[in-house]
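> I would like to see how this sequence folds:
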Amino acid sequence: MSAASYEPGCNAPGGSDTDAGASGPIVVLGIGNVLWSDEGFGVRCVEALQARYEFAPQVRLVDGGTQGLYLLPQVQQASRLLVFDAVDYGMPPGTLKVVADEEVPRFLGARKMSLHQTGFQEVLMLAQLTGRWPERVLLVGCQPEVLDDFGGSLRPVVKQALEGALQVALGHLEQWGAEPLARSVPPGDADAVTAPSLALGAYEDGRPSAEAACRIGDPRVLSMSAGR
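Got it, this is the predicted structure:
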């Protein structure tokens with residue numbers, strides 16, 4: 001399968017007839033770390049959604065970062081939960097795959113890529129144990145290309161895949177009653193899900209090149225990545 005392509009996953013991409021006009025909180029959660037190149041994919045997706053669209057009042061866009069168990073209330077309060085993340089599918093970089101409902105925690109547990117995924121799998125399992133599990137859960141994941149570039153940004157093939165991920169997500173969000181509407185005015189800095197200095201574009205402008213920063217292949221960076 002070519003890069004930036006779409007690979008259907010378990011019980012996806014189509015929802016069910018009961019999704020139409022669903023009520024209750026809809027949480028769109030991006031997890032990952034924007035400081036580690038492609039691991040920031042999930043956060044960048046939520047950031048792009050907020051920059052381009054407005055949603056119905058029951059929709060909450062969340063930069064989950066690497067918060068782990070602190071995300072439990074977000075999951076428990078959701079009627080519908082959509083998660084963006086960089087996921088090791090063992091596929092070509094930039095490949096998108098969607099996994100749904102009860103398969104999501106099992107899938108993340110089978111192929112852990114980083115500590116934040118371990119923490120988020122625990123969040124999902126705790127939500128199930130407490131009986132406060134969303135009616136629908138969707139994981140929109142992208143196969144990363146580079147993870148050990150501290151200070152780097154999304155690689156071009158992953159940045160391209162972001163556009164496909166947004167289209168997959170928007171289709172489901174519309175089914176769920178999220179009412180996405182293209183923005184006429186960008187969100188203010190105070191409302192942004194990520195700090196203005198970390199926003200895609202501004203972040204790259206403020207960083208030295210990989211060569212100047214000795215990022216890629218530097219033993220110090222690799223040791224930091226191993227302990228991440």
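
> what stretches of this protein score poorly on pLDDT?
1-23, 108-118, 188-228 (pLDDT under 70).

> for it, which helix is longest?
helix 156-175 (DSSP state H).

> show me what that one is packed against.
For helix 156-175, the packing partners by 3 or more CB pairs under 8 Å, 6 or more residues apart in numbering; DSSP states H and E come out as strand 26-31, helix 41-52, strand 80-86, strand 96-100, strand 136-142. All C-beta spots, glycine's among them, are computed from the backbone N, C-alpha and C.

> give me the sheet partners of the last one and which way each runs.
Think strand 136-142. Note on strand 136-142: by DSSP bridges, its sheet partners are strand 80-86 (parallel), strand 96-100 (antiparallel).

> likewise the first one?
Strand 26-31 pairs in its sheet with strand 59-65 (parallel), strand 80-86 (parallel), by DSSP bridges.

> packed most tightly, which of those would that be?
Ranked by mean neighbour count under mean count of other CB atoms under 10 Å, the strands paired with strand 26-31 are led by strand 80-86, which reaches a mean of 28.

> Leu138: what's it in contact with?
12, 81-83, 98-101, 104, 169, 172 (CB atoms under 8 Å, 6 or more residues apart in numbering).

> got these as TSV, with distance to Ser153 columns?
What follows is the contacts of Leu138, written out as TSV (distance: CB to CB, whole Å):
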residue	distance to Ser153
Ala12	28
Leu81	27
Leu82	23
Val83	21
Val98	24
Val99	26
Ala100	29
Asp101	32
Val104	27
Ala169	21
His172	27
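
> nothing else from me, thank you.
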